[in-house]
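Q: Predicted model and sequence follow; I will ask about them next.
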Amino acid sequence: MNLLKQSFNSVASSYEKYRPVYPAQLFTDIIQYTDLKVDDSLLEIGCGTGKGTEGFINKGYMNITCIEYGENLAKLTQNKFIKFPNVKVVHSAFEDWSCKAQYSLAFSGTAFHFIPAEIGYPKSASLLKKDGTIAFFWFTHIASNEPVYQAIREVYKMYAPHLDDSDLPSLLDFIEDRSNLTLQSGEFHKLKVHTYKWDQEYTPTDYIGLLNTHSGHQVLLQEKKRVLFRGIENAILRYGETITKQHAVALFLAKKK
């Protein structure tokens, strides 16, 4: 798991360039659920390049502490928000980080699954004020049966069968699993789930750039990754000059007991 966590660190600039931003409505829904005030203190767990933090800054929230395991990612995010002195980036694994401060909101974007649930949920609760809120959200994969994606699937079966998306959990399965983990922790209640979907068009280069930010692709041997990506590019070009991907984000909101 540490290898997968650390893999993002080597593609920090690519992560910032190719990963899509979270929808603005997601942050509106979090703020409405929590009744956040603009001077409340927020904690981000696994900030990456700060795409989650950016969403809150755009809504006027500036008091944010960001915890990031990857050194390059932490530096990138610190530089990105250099004009916001109350945005603090800490280079540390969340599991190892200690803090006496109490936060109104703990949030995490496509990162919390890297922390064992039996550690992550209790520690998050310990860092929250009374009636504080968690807002954990993830990009989740939606498999497509369009011909271009069927062709891409064949490339995976040839060069990286363990990355074939055929056996990945559905969005509904993911929501059920993560909801159970949230409530079974015994730390949170009043769970509410939102989903967001949209289509985004990519050139072959940009689509491969996006794939290369995913941990499973990052840890492939270079030669295997080269032939895999070449095969994916050729598959896309057989069906046109661009590819359309449906993105989905699942947001889990819950109150500290």
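A: Yep, that arrived.

Q: Spatially central residue in the protein, please.
A: For the chain, the residue sitting closest to the mean C-alpha position, by C-alpha atoms, centre = their mean, is T110 at 1.9 Å.

Q: And for Y103, the neighbour number?
A: For Y103, the count of nearby residues is 21 (other C-beta atoms under 10 Å). Using the backbone N, CA and C atoms, a C-beta is placed for each residue, glycine as well.

Q: Please name the nearest non-neighbouring residue to it.
A: Excluding the flanking residues, the one nearest Y103 by C-beta to C-beta, 6 or more residues apart in numbering is L43, at 4.3 Å.

Q: Other residues contacting the helix ranked longest in the chain?
A: When the chain is parsed with DSSP state H, its longest helix is helix 222-237. The contact list for helix 222-237 (C-beta atoms under 8 Å, 6 or more residues apart in numbering) reads 148, 151-152, 154-156, 158-160, 204-205, 207-208, 211-212, 217, 220, 242-243.

Q: rerun that using 10 Å as the cut-off
A: Identification of contacts with helix 222-237 by C-beta atoms under 10 Å, 6 or more residues apart in numbering yields 147-156, 158-160, 163, 202-205, 207-209, 211-212, 217-220, 242-243.

Q: Likewise for stretch 139-146?
A: Stretch 139-146 is touched from outside by 19-20, 22, 109-110, 149-150, 152-153, 164-175, 178, 195-197, 214, 239, 243-250, with contacts defined as C-beta under 10 Å, 6+ apart.

Q: got it, and stretch 70-90?
A: Residues from elsewhere that reach stretch 70-90, judged by C-beta under 10 Å, 6+ apart: 5-13, 15-16, 39, 41-44, 46-51, 53-54, 56-57, 61-68, 91-93, 97, 99.
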